[in-house]
Every structure is written in structure tokens, then in C-alpha cells.
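**Q** what's the 3D shape of this:
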Amino acid sequence: MTPTTENLIASARTAQRDGKLPPVHLWNPPFCGDLDMEIRRDGTWFYNGTPIGRPPLVRLFSSILKLEGGKFYLVTPVEKVGIRVEDAPFVAQDFEATGKGPDQTITFTTHVGDTVIAGPEHPIRVVRAAGGTPAPYVMVRAGMEALIDRKSFYRLVDLGQAQGQRGTDWFGVWSGGVFFPIVPVAELEL
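**A** This next block holds a predicted model:
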């Protein structure tokens, strides 16, 4: 079977029930090849080199996205096709924070409509990209993360505080009863 977007769209629409995500974790269909589809770092989906300009279609495709063995696939009950992901498959483009300190809760919203509360099941992590630039992520679902966009990261930093952790003072944020380190305090003092 040659993979086509039309087959994927039809299968994804059939699999969606009551606005819930399809159970892609239960599906293990045969691999049908790769599609010329890519998710860029800014969250834009491309098909055959052209941006997919229909947000409902992007949301539909994102609902059948699966990470398996370090690779990304669009999966239906009958087919699995490989796609490319430049960085993270999702972008956290906004958040709401309530409370303060250990009682704080941060709820992220992604560009495809997922909402997650940062905490033990949805940790925030910050890695240093080339040149030392921070690259912040939050876990969304099934091992797939969202890159936290720049404006949201700056807002997140505004909520930060210093906290002793593992023998080092860290600057970070609380959410869901968990402290998420962003940078060692010593680096802020430089």
C-alpha cells in the first residue's frame, strides 16, 4: 500500500471519537513508507515542501502522531508512515499560572490545542542549544514534547525563583508540586 495523505485523513477522522485522541499507542500496523511531511521547529507542518495552511488538518494529523524508536510516524489502525520532525513535534505557545511557589500550577497550551499541567507526568526541561541558548521543553504526550516558545519562556522566567537542589542553588519554576530547574544560580550572577 502506497501511503497517501487522503488515506491518513480518512482513517484519522474515523478513529476520532468524542474529541478524544485516538489510541495510537494500541496500534501497530505495518510500515508503509515515508511521506514527504515535516514538522519544523516553529510548529509549521509541511507536505511536499509546502506549508499545510489548514489548522484543523494539522490538528487532525497531530492526533495520530506517534514516537517509536526515536522516529516519528503518523499511525492509523491499518498503516504507519514516517515523517520528519526538526525539533519537537509541538510548540507550547501560551500558559496560565495559578498560585505561587510549591503551590503553583502552570498549564501549557500547544499550537494544536493540547493542554498539559506541568508536573511529574509533564516535566519541564531546559537544555542548552548551540551557543548556550536555552531550549525549553514540556512533555505533552507519549514521550513527545513541546518546545516552549520564546515569549512563553520569558514569562516563565519571570515566575522563577532560586531553590537549593542537589547541593546546588538553581533558578527555576514550580508546578504541580515539582521544582523544575532552568539554570544554576551561579550562572545568573556572572
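**Q** find the nearest non-adjacent residue to Tyr155, please.
**A** Check again: residue 155 is Arg, not Tyr. Once flanking residues are discounted, Arg155 sits nearest to Phe95: 7.2 Å by C-beta to C-beta, 6 or more residues apart in numbering. Backbone N, C-alpha and C define where each C-beta goes, glycine included.
**Q** beta partners for the one you found?
**A** Phe108 (DSSP bridges).
**Q** wait, it touches Gln104, no?
**A** No: assessed by C-beta atoms under 8 Å, Phe95 is found out of contact with Gln104, at 11.2 Å.
**Q** the more surrounded of these two?
**A** Each of Phe95 and Gln104 has its neighbours counted (other C-beta atoms under 10 Å); Phe95 has more, 23 against 19.
**Q** show me the contacts for the more buried one.
**A** Residues in contact with Phe95 (C-beta atoms under 8 Å, 6 or more residues apart in numbering) are Ile106, Thr107, Phe108, Thr109, Ser152, Arg155, Leu156.
**Q** make it 10 Å
**A** Residues in contact with Phe95, defined by C-beta atoms under 10 Å, 6 or more residues apart in numbering, are 105-109, 115-118, 138, 148-149, 152-153, 155-156, 159, 175.
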